[in-house]
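**Q** Got a predicted model here, sequence first, then my questions.
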Amino acid sequence: INISDDIFLNSGAATVTLQPIDSAQTINLNNSGDDFNLTATELRAFRTAGAGEVVGNLVIGQAEGTGDINVGDSGDIFLTGVLDGFNVELRGGNTTFNNGIVLREGRTLTLNTGAVSSPGFGTDITAAELSLNTFGSVGAEEAPLVTTVDRLNIDGVGGDLFLTDLSDLTVSSTEGSAISGQLDITASGGPLTVGALSVRNEGNDLSLTSDEIDLNGAIAGDGQLTLTPFDSAQSIAIGGNNNSTANLDLTRSELEQIQDGFSRIVIGNEDGSGNLTIQPFKFLDPISIQTSTGQAAINGGLPRGTNVNAAQISTVLDQDITTGTSLRFLGNISLGDDVTINNTGPDNSLIFLGPIDGEQALNINAPDGFVQFARGIGQTVPLTQLIVNSPSTFLGNNVTVNGDIAFNSDITTSSDIQINSQTGAISTGNIQSFDRQIALLAEDGVTTGDISQFSSESDTAAFSGGSAIRDDAAILSFDASSAIAVTARTGAVNTGNISTFGGSPVVIVAQDSITTGSIDTSSSFGPGGDVFLDPQGDIQVGFINAEGGPNSTGGGVDITTQRFFRATDTFSSQNTSGASISTAGGAGSGTITIRHGGGPLGIPFIVGDASQNGTAGTITTGDFSLDPIREFPETFDSNGIGIITATESVLPVDGLEIIEYPEPTSEPGSGPIDSTPDTVITVDPSPEVSRLLSEIEELYTNEFEEYLDLPGETPIKDVEDSREILLELESQTGVRPALIYVSFAPVIDSEENLADSRPADRAPADGGSDGAALNKESGIVDSSNNLIPEIPNDPRQDLLFLTLVTGQGDVVQVGIPGATRDRVLELARQMESDITSPVRRRNPVPLLEPSQQLYQMLVEPLEREFQDREVDNLVFIMDGGLRSLPIAALHNGESFVIEDYSVGLMPSLSLTDTRYVSLRNARVLAMGTSDFSGGGDIRSGGALPAVSVELSTFAKNQRSAEVYRDDDFNYANLQSRRTDQEIVHLATHASFRQGQPENSYIQFRDRVLPLSEFRNLNWQEPQVELAVLSACRTALGDLEAELGFAGAAVQSRVKTVMASLWSVSDIGASGLVAEFYHQLGQAP
C-alpha cells in the first residue's frame, strides 16, 4: 500500500485498517523492502481535523495475522503533530522494536501480536497508554521493553512480561486476564501504581520495582512476589498507615491486597542501603525482608504469618537494632555483621521463633524482659560470640558458638538442649529443664548457677533413670541419655547445686577442676541416677545423693581425679543423718568408686574431714557405710565402696624385646633363617605351615559359626585359595593386599610333645605335629627336635604368632618372645581404656605407649616383608580378645598404621565374601533418628542430635541416596525400602554385648533388631556391599561381644560392616561420616 497524500478524519470517530492480503505477510514500519512496508511519512498521512477533538484509530495488520512486525529499522516513528490524532493498533505475529514509536499526547498504542522484543537501545514506546494483548512474551529479563507511558493496561500476555517504564506508571488489567509467565515491571521515574494483577502457571514470579509502589488491587500468583525500590538507598516502611512519606510505603491496606498463595514474598534489596521501618502485620505467605547496610527500626514486632510452619520470615541483620517494645522474629535470622539488639522499654521481650545463624557476634540486652530462642543458635553456621543480658531466657534448641557464650540470665528449657562453645567458655545463671536433657560443652571453662532437671515421676516410675557408660576401668564417657552433662575440654567447671528430680544421671568432665554445690540424682519412686565426675584437677562438691526409691535401686557414683576429692556438706540419707555420699535404695544399692591422687603425695583420704581430701560425713551404700573418722592412706575396696589411690600405669610391659629384622643367610624355602637369639623370624613354605594356617582358619570360622548358630558347612580356604583371592583383588583395584593371621600358641619342648602341650581345640586334626611352634631358648620356630625344658601348659602364657600371606612369595611366620597372651591382651585393654577415657586421652603421650608396643608386636616384625612385597593393604584375622582392637591407631613412633596402609579386619577368610565391587557411585539407603523417646522396644534412649546433619551429608556428597528419618526409621521400612542400594547406613544406637547373640542389637525407632535376627535381613539378595553403624558400642575385649561385632557381617550377609567401637560424640561421628563418604567417592 502506497500513500501519497494526507487522509483526514474531519469529525466523529473512525477506524482505518491497513492490512496485507496474506495473513502471514511480514509488516515493516518505517522500513524499506519487498514486504508490506509503511514509511514514517505514510503513517503521518493519517490526520485528524482540529486540535484533538477528533480521534481516529489506525489498525495495521490482520486480526488473525501471523507475519512478523518490524518497527523502526530506519529510525524512530514520530506521530506527535497537532493533527496526528490517531491511536495505533498493531496486529500480527512476533513484533520487534528496532527503534521506537512515539504517539501524540493522549493517544494509545495497542499490541495484539505475538511475542514483543526490544533488541535495540532507547525507548521503544512513548504514549499515554500501552495496551497489551499478546500470545507471546513481552520483553526479556536481559532486554526489557522500554516505555514512557502513563498507563499500562494488560488484557493478557501469553508468556513473560519484562517492562521498564522511565516515568511514573499506572498498571491495570482487564478482569479475568492474566500473565502466563513471569512478570517484572519497573517504574524508574516515579510511583508505580498497580491495580489487580494475576500471574498464572505454577512457579512464575511477579516483581514490581519502584521507589514508591501503590497496590490498589488484588495481586495474585503462586511464585515469588518481589517488591523492591528502584534506588538501592531508598528506605522502606512496612505495615504502617501513612502512604505519603519519602519512603517506599507499603501500608497495611496495600499489603492486604496481596493474596494468599505466593511461594514467598520478598521486600527490599539484598544489597540495599536504605533503612527499614517495620510494623506488625499478618502476612499470608512466607516473607523475607532484606537490606544490607541499612538500619532496622522494628516497632512493636516483626511481620508474622498465619502459623510458624507455613510462614517463615527470613531476616538478614547487619546493623544494630534499638527498640522500646517487644520484638518477635518468626523465621530464619542470618547475621551479616556483629549485631547488638537493645530493648530498653518496660516490656522488652525478644522472641526468636526461627534459628539464628551467621559467623558474627550477637549481643542482646533486654534488662527488664525475657528472651526466647525457640529454634536454636548457630546450628548451620556457628556464631563467633553470644551474650544475653536478661532476667530470663528460654531455650528451645541447641546453641553452637565458635567463641564465648554468656547467658547473664536464668535459662529455662522444655527440650533437650546442648550449649556448645567450640573455642571459648560458657557462663550462665540458673538452668531449669522439665524432663529434658542438658548438655554444656566448652573448650575452656563452664560456670553456671544451679542446674535442675524436673521429672514427672510417679508411683509407676515414669522416669526410669539413666546411667553413665563405663568399661572395666570405670572411666569412659557419657552418652546422650544423660540428663545433665557438662564438659570443659581445657578449663574448669564451676556450678551451683545440681538436681535431677527423678533419677537421671549427672556427668561432668573437665581438664582442670570441678567445683559444684550439692549433686542430687535421687528418686522418690524410681531408681537413682548415676553421678560421674572426671577432671584432672581437684573435685569439690557439697554432697552427692544418688538414692533410689523404696522399690528401686540407688545410682552409682564414679569419681576420678588425679588430685583430691572433697565433699564438704551432709544430708539425711535413708540410713544416716550425716551422709556426704549415699547410693542406697530399697531394692539394692549403687556402687561408689573414688579414684584420687593423694596416695603418691602422702595425702590420705579421710572420711570425716573434707579440708583437703575426703568427705565431711558418711559414705554409704545403705548396706555398707564408712563412718567418720576413717583414714585411707592406701586403696580400700570392699562391699561396693572403693577408695582408690592413684597408681603407676601397667605400662611399659617389662621384658618386651625390640624385634630386629636380620639379613637371611639361606635362600628362601631352604629352611629356617639363621638369626640372633632375640630375633624370631621363620620363612617356611613347607606343608606343615600351610596346614597350620588352614587349622587356624578352620578354628576361627568354627568359633563364629558356633556363636551365631550357623550350620557349620563353610568351606575352609587354604593357602592357595588365599593367594588366588589376593591376586584377583590386586588386579581389580591396583592395591596389593596382605593377610596377617594373629594367633596364640603354647611354647613346646619338641614336635612329639606338641599335641600334648597345646589346648585340645588347637591340636591338629590328625594328631600329628605342625612343626611351627616357638622354641623358648633360641626364639626360632623350629621343625627339628631341639629339646628345651618342659613348660606348663598355661593358656595365659601362650605366645603371639603372626602369619603373613600375600598373593606372591612364601608364607612368613613370626613368633614374638615375651609377648604372652596375658601381656598382649592387657596392652590391648590398656590402649582401649586410654582412648576412651576422657581424662587420659587429653594427654597423647601415655596414650601412645600401649599403641607403640602393640605396633612392635603386631606390625613391626613383618614390616620389612610389607616393604619388600610392596603391600598397600593389611587385613588382620585375629585371635579372641583382639577382634575389636583398633589396628588403625597403632603407632610406630612417627605415624599411625592408617597413615601408611589401609587396614581392615576379617572374622575369617572363609566367612568373608571377597568379590570386589567399586563403591565410588554406590547408591545409599540412609536411615536414622535423633529421638528415641517414642514407644516400642527401646533399649537405647539417648538422643543423637546430630543425626539430621549426618543424614544430610549424602546430598552434599552428591550421592544417590534415599533418606528416612524419625518415625520413618522403622524395621518395616528397612525391609520394604531396601531394593538395589549397595550401601545401608544406619545412624542409630547399636550395641554388641557379652552373652548370647540376642543380647546384641540395632535400635530402630519402634523396636530393636537382635543379632540373632540379622540373617532375616537378606542383604545378599541383592547384595549389600557395605553397612555403616555410626553410633555403635562394643563391650571391648569381651570374647562374645567381639564375636557379635565381627559376626554382624556374617549374620546379615553383608560384605563389609563399618561401625564405631565405643560411645562417641554423635556430632564428631557426623563429621567423620561426611568425610568417609567423600573419600569413598575417590577410592578404587
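**A** Looks like it arrived, so ask away. Predicted model only: the values in this text are computed from it and were never measured.
**Q** Residue ranges in the stretch 201-350 of the chain under the pLDDT threshold?
**A** Scanning the stretch 201-350 of the chain for pLDDT under 70 picks out the ranges 201-202, 280, 291-315, 319, 322-326, 330-331, 345-348.
**Q** same thing but 90
**A** Applying pLDDT under 90 to the stretch 201-350 of the chain flags residues 201-204, 221-222, 232-247, 260-337, 339-350.
**Q** Lowest-scoring secondary structure element of the protein by mean pLDDT?
**A** Of all helical and strand segments in the chain, the minimum by mean pLDDT, DSSP states H and E falls on helix 754-757, at a mean of 33.
**Q** Any idea what the residue nearest to Pro286 when sequence neighbours are not counted is bridged to?
**A** With Cβ to Cβ, 6 or more residues apart in numbering as the criterion, Pro286 has its nearest non-adjacent residue at 4.6 Å, and that residue is Arg264. To be clear about C-beta, it is placed using only N, CA and C from the backbone, and glycine gets the same treatment. Following DSSP bridges, Arg264 is listed with bridge partners Gln224.
**Q** Now do the strands in the stretch 851-1000 of the chain.
**A** Here the stretch 851-1000 of the chain has its strands, by DSSP state E, counting those that start in this stretch, at 873-877, 902-906, 924-928, 961-965, 983-992.
**Q** Would you agree Lys1055 is in contact with Val984?
**A** No - shown here, Lys1055 and Val984 do not form a contact pair, counting by Cβ atoms under 8 Å, at 11.3 Å.
**Q** what residues are shared contacts of those two?
**A** Common neighbours of Lys1055 and Val984 are listed as Val1024, Leu1026 (criterion: Cβ atoms under 8 Å, 6 or more residues apart in numbering).
**Q** ok, how many other residues are close to Pro382?
**A** Here the count is done by other Cβ atoms under 10 Å, and Pro382 has 20 residues near it.
**Q** Please apply the same query to the one 10 residues further on.
**A** Residues lying near Ser392 (other Cβ under 10 Å) number 16.
**Q** Let's see the pLDDT reported for it.
**A** Note on Ser392: pLDDT of 93.
**Q** Isn't it up against Phe370?
**A** Yes - using Cβ under 8 Å, Ser392 is in contact with Phe370, at 4.2 Å.
**Q** could you point out which element follows the strand or helix carrying Phe162?
**A** Assessed by DSSP states H and E, Phe162 sits inside strand 161-165. Later in the chain than strand 161-165, the nearest helix or strand by DSSP H and E is strand 169-173.
**Q** just how off-centre is stretch 707-726 within its chain?
**A** Put simply, stretch 707-726 sits 39 Å off its chain's centre (Cα atoms, centre = their mean, to the nearest Å).
**Q** Just the buried positions in stretch 547-567, please.
**A** Residues of stretch 547-567 classed as buried: 547-549, 552-561, 563-567 (neighbour count, 16 or more other Cβ atoms under 10 Å).
**Q** Of those residues, which belong to strands?
**A** Residues of the buried residues of stretch 547-567 located in strands (DSSP state E): Val557, Asp558, Ile559, Thr560, Phe565, Arg566, Ala567.
**Q** ok, the third one to Gly403 distance?
**A** Computed as Cβ to Cβ, to the nearest Å, the Ile559 to Gly403 distance reads 31 Å.
**Q** same deal with the fourth one?
**A** As for Thr560, its distance to Gly403 is 30 Å (criterion: Cβ to Cβ).
**Q** And for the fifth one?
**A** Phe565 is 32 Å from Gly403, where distance means Cβ to Cβ.
**Q** Please apply the same query to the second one.
**A** Using Cβ to Cβ, Asp558 is found at 32 Å from Gly403.
**Q** if we can go back for a sec, help me confirm that the residue nearest to Pro286 comes into contact with Ile289.
**A** No - taking contacts as Cβ under 8 Å, Arg264 lies outside contact range of Ile289: 11.3 Å.
**Q** got the angle for the longest helix seen in the chain vs strand 902-906?
**A** Looking across the chain with DSSP state H, the single longest helix is helix 687-708. Relative orientation of helix 687-708 versus strand 902-906 (axes from the mean of the first three to the mean of the last three Cα atoms, to 10 degrees): 70 degrees.
**Q** that older thread, biggest separation within the ones in strands among the buried residues of stretch 547-567, which pair?
**A** Maximum pairwise distance in those, criterion Cβ to Cβ, is 16.6 Å, between Asp558 and Arg566.
**Q** what helix or strand is Pro711 on?
**A** For Pro711, there is no host helix or strand (DSSP H and E).
**Q** Run a quick neighbour tally on Phe896.
**A** As a burial measure, Phe896 scores 18 neighbours (other Cβ under 10 Å).
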